[in-house]
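> need a structure here:
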Amino acid sequence: MFAIVLVPVVLGMLVRRWSAAFADRADRSARIFSAVVLVAVIAGAIIAELDNIGGYLTDIGLVAVLFCACSLTAGYLLPRLAKVGRRQAAGGGVGVRGGRAQQHVGDHGRADRAGQ
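Residues are numbered from 1 along each chain as shown. The predicted structure is shown next:
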């Protein structure tokens, strides 16, 4: 599972180093491809564990839902307590897009604070 994340990230970094212009042009296609791969991996996992899903939900379903709700809430409220804008706080609640966190904060930080 680690390779599913690590290999594409390393490849993306190498491509960007080799040609930033090509990486920018391929960004949309790469995002679409990664979404398709993610859906395929999730579908494969569900199909492989189809007989066990009911038991999994019974065992950890409520705990997983509570954990997600607490994580999303903390991810939104903690930045808001630090006077971060609503849009940035919402982005923090669901996660920052990989590899663009610094640019995202730099580009939107001032505009979000001004619109509070």
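
> Run the chain-centre distance for the helix or strand where residue 26 lies.
Using DSSP states H and E, residue 26 sits in helix 20-48. Helix 20-48 sits 12 Å away from the centroid of its parent chain (C-alpha atoms, centre = their mean, to the nearest Å).

> what packs against that helix?
Helix 20-48 sits against helix 2-18, with contacts defined as 3 or more C-beta pairs under 8 Å, 6 or more residues apart in numbering; DSSP states H and E. No exception for glycine: its C-beta is placed from N, CA and C like everyone else's.

> what angle separates the helix it packs on from helix 20-48?
Going by axes from the mean of the first three to the mean of the last three C-alpha atoms, to 10 degrees, helix 2-18 is angled at 170 degrees with respect to helix 20-48.

> Which elements pack onto helix 2-18?
Helix 2-18 packs on helix 20-48, going by 3+ C-beta pairs under 8 Å, 6+ apart.

> Can you list the buried residues in stretch 48-64?
Residues of stretch 48-64 include none that count as buried (16 or more other C-beta atoms under 10 Å).

> Restricting the selection to alpha carbons, write it to PDB.
In PDB, the C-alpha atoms belonging to stretch 48-64 read as follows (Å, rounded to 0.1, in the frame of the first residue of the first chain):
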ATOM      1  CA  ALA A  48     -12.100  -8.900  -2.300                       C
ATOM      2  CA  GLU A  49     -13.700  -8.400   1.100                       C
ATOM      3  CA  LEU A  50     -17.400  -8.500   0.100                       C
ATOM      4  CA  ASP A  51     -18.200 -11.400   2.400                       C
ATOM      5  CA  ASN A  52     -16.600  -9.700   5.400                       C
ATOM      6  CA  ILE A  53     -17.900  -6.100   5.000                       C
ATOM      7  CA  GLY A  54     -21.000  -6.600   7.300                       C
ATOM      8  CA  GLY A  55     -18.800  -7.900  10.100                       C
ATOM      9  CA  TYR A  56     -16.300  -5.000   9.600                       C
ATOM     10  CA  LEU A  57     -19.100  -2.400   9.800                       C
ATOM     11  CA  THR A  58     -20.500  -4.100  12.900                       C
ATOM     12  CA  ASP A  59     -17.100  -4.200  14.600                       C
ATOM     13  CA  ILE A  60     -15.700  -0.800  13.800                       C
ATOM     14  CA  GLY A  61     -18.300   1.200  11.800                       C
ATOM     15  CA  LEU A  62     -19.400   3.500  14.700                       C
ATOM     16  CA  VAL A  63     -15.900   4.100  15.900                       C
ATOM     17  CA  ALA A  64     -14.700   4.900  12.300                       C
END
